[in-house]
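Engineer: Pasted the sequence and its predicted model underneath.
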Amino acid sequence: MKQVWISKVGDPEVLQVRENPDPVPKNGEVRIRVQASGVNFVDLLGRMGMYPDAPTIPYVPGYEVAGVVDAIAQGAADVKEGDAAFAITRFGGYSDVVCVPHNQVYKRLDWMPVNDGAAIPLSYLTAYQMLVVMGSLRPGDKVLIHAAAGGVGLAALDICRIIGAETYGTASPSKHDFLQKRGLDHPIDYRNYDYERVVMELTRGKGVDIVLDSLGGKHWQKNYRLLMPTGRLIYFGASSIAARSRRSRWEMAKTLLYLPFHTPRQLMKDNKAVLGVNLGHMWDQAYRMREWMAQIVAWYDEALFRPYVDKVYKFEEAAAAHRYIQERKNVGKVLLKP
């Protein structure tokens with residue numbers, strides 16, 4: 001099999017294509033011939049040595065794949081050889097063959113292209129957990145989505161549009177037209193304006209019901225201030241620590257310096273909630289994710305959304321894919337194809 005490895009900590013060029021024997025599925029596993037793999041920001045953090053949950057380098061990154069099932073071990077139910085499928089993987093997704101526990105494998109609809117299958121799992125499950133499961137999203141809620149043009153950002157925007165929420169999204173000005181066509185109500189130019197001031201002006205000083213914070217650092221405190229009473233601040237990343245292509249101890253230190261401390265007394269006083277989401281710590285909750293994915297696929301089947309794939313790179317171009325995301329150029333998902 002062909003794989004993309006993180007050979008050492010460093011710039012995107014440390015990614016290397018290597019050949020290894022095909023894996024054999026263990027009890028309860030399904031083997032998939034991969035046709036497309038998703039690239040996510042967490043993969044970049046792993047390459048930079050800034051993701052604490054990553055395996056010891058060298059390792060193969062990747063959290064989501066789509067392809068065709070070609071082998072099944074004992075104990076793997078509800079799937080058969082030849083099924084079109086997509087799956088979430090616990091690393092190892094940058095491979096043209098993967099073995100995955102059967103409860104992390106989902107059948108692709110006959111009319112779901114392989115690119116859509118690879119673009120859905122991580123982004124839409126994360127957005128669903130934040131907004132529907134933990135954020136209690138309701139029609140009419142005001143939601144601020146940071147990095148609205150990224151994979152999770154667009155997934156969150158789709159879910160908000162389906163449920164009927166009013167959306168505010170930060171993105172560079174060149175992406176605003178696309179986002180408005182996608183359904184964003186209020187695009188915000190975070191490069192030239194203070195988004196906190198803009199949101200408060202747009203909401204007439206009331207603030208928003210939900211903030212999805214993938215930025216970290218000084219943004220944590222700003223986003224907490226933007227919540228109206230009963231508002232929910234949901235942390236799911238700290239992309240501000242990866243402003244450069246290499247690990248920066250200074251950026252990491254600044255992020256920790258701005259880390260807020262929300263006491264129960266303060267939360268009660270403010271009538272606000274602070275939540276955290278990390279899908280990478282939900283592996284023992286696969287049954288819950290299957291319930292969430294059932295709703296996501298139902299929305300897809302009803303043509304209520306389609307994931308947006310920005311660019312597709314070959315395995316040999318994995319470094320370019322990482323650099324494209326790190327430079328904040330992507331709109332939606334970036335994929336790798338073996």
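Structural biologist: Structure's in. What do you need?
Engineer: Surely M130 and L212 touch.
Structural biologist: Yes - counting by C-beta atoms under 8 Å, M130 does reach L212; the two are 5.9 Å apart. Every residue, glycine included, has its C-beta placed from N, CA and C.
Engineer: Give the residues shared as contacts by the two.
Structural biologist: Both M130 and L212 are contacted by A156, I234, F236, under the criterion C-beta atoms under 8 Å, 6 or more residues apart in numbering.
Engineer: Narrow those residues to those in strands?
Structural biologist: I234 (DSSP state E).
Engineer: the strands in the stretch 1-150 of the chain, which residues?
Structural biologist: Assigned strands in the stretch 1-150 of the chain, in chain order: 2-6, 15-19, 29-39, 64-72, 84-88, 97-101, 105-107, 142-145 (criterion: DSSP state E, counting those that start in this stretch).
Engineer: Could you say which of those strands is packed most deeply?
Structural biologist: Greatest average neighbour count among the strands of the stretch 1-150 of the chain goes to strand 142-145 (a mean of 27), per mean count of other C-beta atoms under 10 Å.
Engineer: That one pairs with which strands, and in what direction?
Structural biologist: Its sheet considered, strand 142-145 pairs with strand 166-171 (parallel), strand 208-213 (parallel) by DSSP bridges.
Engineer: between those, which one is nearest to A320?
Structural biologist: Set against A320 and scored by C-beta to C-beta, the strands paired with strand 142-145 come closest in strand 166-171, at 22.0 Å.
Engineer: Tell me which residues are up against that closest one.
Structural biologist: Under the criterion C-beta under 8 Å, 6+ apart, residues 140-149, 153, 157, 160-161, 179, 183-190, 195, 199, 202, 208 lie in contact with strand 166-171.
Engineer: From the chain's centroid, how far away is it?
Structural biologist: When distances are taken as C-alpha atoms, centre = their mean, to the nearest Å, strand 166-171 is centred 17 Å away from the chain's centroid.
Engineer: buried ones in the following helix or strand past it?
Structural biologist: Downstream of strand 166-171, the first helix or strand assigned by DSSP states H and E is helix 176-182. For helix 176-182, a neighbour-count test (16 or more other C-beta atoms under 10 Å) marks H176, F178, L179, R182 as buried.
Engineer: Stretch 319-337 now?
Structural biologist: Residues of stretch 319-337 classed as buried: 319-326, 328, 330-337 (neighbour count, 16+ other C-beta under 10 Å).
Engineer: who's in contact with it?
Structural biologist: In contact with stretch 319-337 (C-beta under 8 Å, 6+ apart) are residues 4, 11-13, 15, 35-39, 41, 43-44, 47, 62, 94, 115, 118-119, 123, 149-151, 154, 172, 175, 178, 242, 245, 307-315, 317-318.
Engineer: can you do 6 Å?
Structural biologist: Applying C-beta atoms under 6 Å, 6 or more residues apart in numbering, the contact partners of stretch 319-337 are 12-13, 15, 36-37, 39, 44, 118-119, 149, 151, 154, 175, 178, 245, 308-313, 315, 318.
Engineer: if you average pLDDT over stretch 327-338, what comes out?
Structural biologist: Model confidence over stretch 327-338, given as mean pLDDT, is 96.
Engineer: Equivalent analysis for stretch 55-63, please.
Structural biologist: 97.
Engineer: Contacts for that stretch, please.
Structural biologist: For stretch 55-63, the surrounding residues in contact (C-beta under 6 Å, 6+ apart) are 3, 5-7, 37, 40, 43, 46, 89, 92-95, 122.
Engineer: can you pull the buried residues of it?
Structural biologist: For stretch 55-63, the buried set under the neighbour-count rule, 16+ other C-beta under 10 Å, comprises I57, Y59, V60, P61, G62, Y63.
Engineer: wait, which of the residues you listed is closest to K222?
Structural biologist: Closest to K222 out of the buried residues of stretch 55-63 is Y63 (28.8 Å), distances taken as C-beta to C-beta.
Engineer: Please name the nearest non-neighbouring residue to that closest one.
Structural biologist: Here the nearest residue to Y63 in space, its sequence neighbours aside, is L122; by C-beta to C-beta, 6 or more residues apart in numbering that works out to 5.0 Å.
Engineer: How many neighbouring residues does that neighbour have?
Structural biologist: Residues lying near L122 (other C-beta atoms under 10 Å) number 26.
Engineer: Only the buried subset of the contacts of stretch 319-337, as a ChimeraX command please.
Structural biologist: To isolate the buried members of the contacts of stretch 319-337 in ChimeraX, using 16+ other C-beta under 10 Å:
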select :12,15,36,37,39,44,118,119,149,151,154,175,178,245,308,309,310,311,312,313,315,318
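Engineer: gap between G117 and L184?
Structural biologist: G117 sits 25 Å away from L184, taking C-beta to C-beta, to the nearest Å as the criterion.
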